[in-house]
Every structure is written in structure tokens, then in C-alpha cells.
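[1] build me a model from this:
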Amino acid sequence: MNILFATTEFEGLVKVGGLADFSSSLPRALARRGQQLRVLLPYYGGIRGLDDAPVVAALPGGCLREWCPGPRGLRVWLVDQPHWRARGADPYARPGDGAWPDDAGAFSGFCRIAAWLAGDRLGLGWRADVVHANDWPTALAPVWLMLERVPAATVFTIHNLACQGVFPAGSGAALGLPSWLFHPEALEYWGQWSFLKGGLVFADRLTTVSPSYAAEIRTQAFGEGLDGLLRARAGDLDGIVNGIDEAAWNPLRDPVLAAPFGPRRLGGRAGCRAALLDELGFAADDNTAIAAMVGRVQTQKGIDELLLALPRLMELPLAVVVLGSGDARLERGLSEAARRYPQRFRAALRYDEGLGRRLFSGADLLLMPSRFEPCGLTQLYAMRYGCIPVARAVGGLRDTITDATSAALDAGEATGILYADGSPAGLVAAARRALELRAQPERWQRVQDTGMRQRHGWQAGAEAYQRVYQAALAKKGTVPFFVDVL
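    A predicted model of the protein is given here:
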């Protein structure tokens, strides 16, 4: 198949979250299986080293560049226009923590370019069989494919239903969207345009990044006001767990670690722990566990619950470090906590993959008190590095972590600690369970070893997406309710 993969992040070029990993790893896995992939990405000002990438087509006010990162069958098409160059390393938030004012026009235009490329309207001699769009910034791709009469099948992946791309009612005309799309069964959402609904309504098939999240978003508690629509499309919705690049995340060969280690070869972790304590300035003895929290500083990730739980966590033999950036209010709370607990709490308020890897290799626990978690990659990285996750049992966390119950421990299947009570008290109780397990070295090391042996590469996921693409091709051309209008 020829697959046009529309995204706004790509590992190694621009990364805000897990979408970058997904958009890099899945296309590579599909290309290795013989598919022809074209990844479509805006050329942001923060991207470096590709100004010499050849121009392959002219675009309104700019051009399309092509980069071939490998493997064979994978090319990245970069939409090079001034409004994308004006954005830096974060494509969604301008300096000062606000959305870019041209978001609606920029992302709608990007989706229209996707439709042109899928139908070879720019004369590149390549047409898409399937267009795969991701999250709200590319969710209008199925809409523009319909409006431009491009006969490609469409797949839309929901990475985070809470981010919907909602714009004022008067936006449609400026974007070139016909007024009949402003309808509750199309793109209208409480009197505004919802880009996300473009993908949910018009894509031939829908996916999200774990089976549990696929079920959760069909409920009122997690559906963000769209649960009815998602229940109506349940037959077209698949939950496929994300994978990771197991070669890139390998503690036996990771150059940023103080010492290599692997399953049943955990001796190097002691050196990694010692180096991490020195880097963080902690004076912790062997009885003190190190707990890390790595990811965006947002309420979704449960940072506010961590702050509320911190006084009780600090009563335990535990040192805590948080790595990440995001919400300014929560960042201030973390900075204040670091001043209040200087001996046993650190806040590194930045994106730092190297430190993240060192935390996975030297910390005992990974804290993930997420309110919701579509899939999560952090727990997969942590388990691969022998760091045991302590996570709320939601979404992909439930699907990828086996709770250390007595039965799972006896069977050698446990990989972490799951808890259902999404509250500060629930987090503290789960941390206590983890520390009790750590006090049993034989069982603790068995859980580490089991987690490190889990296979979370993209082979199964790539196979599942190929099946979704085939199903989309079989359904191609059906229209939700606009038959009379069209």
C-alpha cells in the first residue's frame, strides 16, 4: 500500500510527547514490511539540518521538501511555509504559554495539502491508497479528502481525546469549509467548530493507542462530550497498544548510562544508581528508594495529586525527582516543593531525554498517577530499564502493566504496581506497596527481570495497523449522513 501519514511531530525533528515516537516508529515498522510511506510534517523553525533537503513541489507561499531518513520505502515530506517556520520547538504553544493565533488556518491548510498529495494534485507521480491522520491538528484530512474528491481510504488515530482543536463559529468561511459541515453530526461542537470531529465523523476507520482507552472514551467519564459519537462508531474503532524502538531503548548499549545492564545482569544498575544520586545531589542510603516522575507537567499526568501526596510520601523512605515541563502553576508548585524538601525532592523543569534515561536506569520506581493515559510510553521505557512503575489503572497503563498481586508474583508475571483509587491517598498506598515489595529483594528483582523481558516493539502493532488499513480500504467511500447534501 501507499500510505500518507499526516502528523505534527516526528522523533529526531520535533517532539512534544508520545506522538513523535509513534510517528517515527510505526512508519519505519510499516516500511520494513514493504509498505510505501510518506510522512507529512510541517517544517517548524525548530527543525535543524534540513534546509538542504531537496524541493520536490511548490506550495502556496512555500514549497515541499523531501527527506529520506530510512528505511527504504519511507520518505518525509516537509511543508515549508513562513507560518510554520515562525514556530519554534513547540508547534502548539507560542512563548508565553498560549496557542498560536493562526492555528485554525495553519492546520486546516496543512490537511488540505495532505489531500492534494494523496490525490497527486502536485504532480509527484505518487497517490495514496490510505491517509493516516493523527490527533486534532490533522483531523481535517478526511474532510478535505472528501471535499477534494480524493478516493483514498482514511484512518484517524486518537492520541488524546481531551485536545480537540475547537475554534469559533465564524471560522469556517475563512477556512473554506462549507456551511453544511457546521452541524452537530459533523464538525459543530457546542456552537463551535471541532477539528477533532472531522476525523471522528469522516474517517473510514478509527484507532486509539490502547484497548482500555478505546473502551474508556466511549463512557461519559472519559469521553470529553464525544462518547455518544464514539459509541455510534464503536464498530469502526480499534485500540492498538503503542510500541517502542527496542534497539534505541536498550540498557545494555545505552551510551548515556554509567554502566550497562540487562535481564539477569542487574549488577550495572548499582553503578547507575550511584551516578544518579551524585547527579541529583541526593545523599540516600540503600534503604531509601528513588522514585521518578518523567513527562509533561500537566493535571492529566496527576502532578497536582503528587503535590498533595508529597507530605505523606516524604514520611516514607523515599526520594522523589520530577523531570518535565508544562503548566506554569504546577511548575511553581514543584519548585516550592523542592525548596521545602531539599534533601529528598528535586524538580528538573525541562525536557531532557538523557536525564530521563538515567532516571529509568537508576531509580527504583516510576510514578504515574495519571487521570487518564491513552497509552503511555514512559512505563514501557522504565520497565525495559528495570524501573518498576507505580501507576493508576487507566488506559494503556492497565494494558501494559501486570499488577504485583500475590498470584502474579507467584507466577512470575508481575511487572509493576497498579492502583484504582485516583487520589493522593491512593498514590501513597501504592507507593507503600512498592516499598514493601522492595523490602523482599528476591521478589523485587524478579519483577524487574520480568519487566525487562517484556516485548514492546512494533511488530504486532504494525500488523494490526495493516489490518486496519485493509478494513478502511474495504469501507472507503461510505459517508456518515451527508449523502443527500453531496
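
[2] any idea which element the spatially closest residue to Cys68 that is not a sequence neighbour lies in?
    Among residues not flanking Cys68 along the chain, Arg75 sits closest, at 5.3 Å (CB to CB, 6 or more residues apart in numbering). Bear in mind the C-beta positions are built from the backbone N, C-alpha and C, glycine included. Using DSSP states H and E, Arg75 maps to strand 74-80.

[3] would you indicate which residues of the helix or strand following that strand are buried?
    Using DSSP H and E, the helix or strand that directly follows strand 74-80 along the chain is helix 82-85. Neighbour counts over helix 82-85 (16 or more other CB atoms under 10 Å) mark His83, Trp84 as buried.

[4] who touches the helix or strand just after helix 82-85?
    Reading on from helix 82-85 to the C-terminus, the next helix or strand found by DSSP H and E is strand 93-94. Residues outside strand 93-94 that contact it (CB atoms under 8 Å, 6 or more residues apart in numbering): Arg87, Ala99, Trp100.

[5] partner strands of strand 93-94, parallel or antiparallel?
    Taking DSSP bridges as the criterion, strand 93-94 forms sheet pairs with strand 98-99 (antiparallel).

[6] average pLDDT for the helix or strand hosting Ala460?
    For Ala460, the host element (DSSP H and E) is helix 459-475. Average pLDDT, helix 459-475: 97.

[7] hmm, who's touching it?
    1, 3, 26, 29-30, 32-33, 35, 129-130, 132, 153-155, 203-205, 207, 236, 238, 240-243.

[8] how about it: buried residues?
    Per 16+ other CB under 10 Å, helix 459-475 contains these buried residues: Gly461, Ala462, Ala464, Tyr465, Gln466, Val468, Tyr469, Ala471, Ala472, Leu473.

[9] just the buried subset of the contacts of helix 459-475, written out for ChimeraX, thanks.
    Filtering the contacts of helix 459-475 down to the buried ones (16+ other CB under 10 Å) takes a single ChimeraX command:
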select :3,26,29,30,32,35,129,130,132,153,154,155,203,204,205,207,236,238,240,241,242,243
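
[10] in helices, which of the contacts of helix 459-475 appear?
    If you go by DSSP state H, the contacts of helix 459-475 have Leu26, Ala29, Leu30, Arg32 in helices.

[11] wait, the first one touches Trp458, no?
    Yes: if you go by CB atoms under 8 Å, Leu26 and Trp458 touch, sitting 6.1 Å apart.

[12] hey, what's in contact with both of these two?
    Each of Gly243 lies in contact with both Leu26 and Trp458 under the rule CB under 8 Å, 6+ apart.

[13] please, which helix or strand holds Arg38?
    Assigning secondary structure by DSSP H and E places Arg38 in strand 36-42.

[14] which other residues reach that strand?
    Residues contacting strand 36-42 (CB under 8 Å, 6+ apart): 1-10, 13-14, 23, 27, 30-31, 73-79, 81, 84, 87, 91, 106, 110, 113-114, 117, 126, 128.

[15] derive a PyMOL selection command for the buried subset of those residues.
    Selecting just the buried residues from the contacts of strand 36-42 in PyMOL takes one command, with 16+ other CB under 10 Å as the test:
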select buried, resi 2+3+4+5+6+7+8+9+10+13+14+23+27+30+31+73+74+75+76+77+78+79+81+84+87+91+106+110+113+114+117+128
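
[16] list just the nearest of the contacts of strand 93-94 to Leu181.
    Of all the contacts of strand 93-94, Leu181 sits closest to Ala99, with 22.0 Å by CB to CB.

[17] could you pull up the residues touching the closest one?
    Contacts of Ala99 by CB under 8 Å, 6+ apart are Tyr92, Ala93.

[18] same question for the one 5 residues further on.
    Contacts here follow CB under 8 Å, 6+ apart; on that basis Ala104 touches Gly165, Phe167, Ser171, Ala174, Leu175, Trp193, Phe195.

[19] repeat that for 10 Å
    By CB atoms under 10 Å, 6 or more residues apart in numbering, Ala104 lies in contact with Leu140, Gly165, Val166, Phe167, Pro168, Ser171, Gly172, Ala174, Leu175, Leu177, Trp193, Phe195.

[20] ok, of these, which come out buried?
    With burial judged by 16+ other CB under 10 Å, the buried subset of the contacts of Ala104 is Leu140, Gly165, Val166, Phe167, Ser171, Gly172, Leu175, Leu177, Trp193, Phe195.
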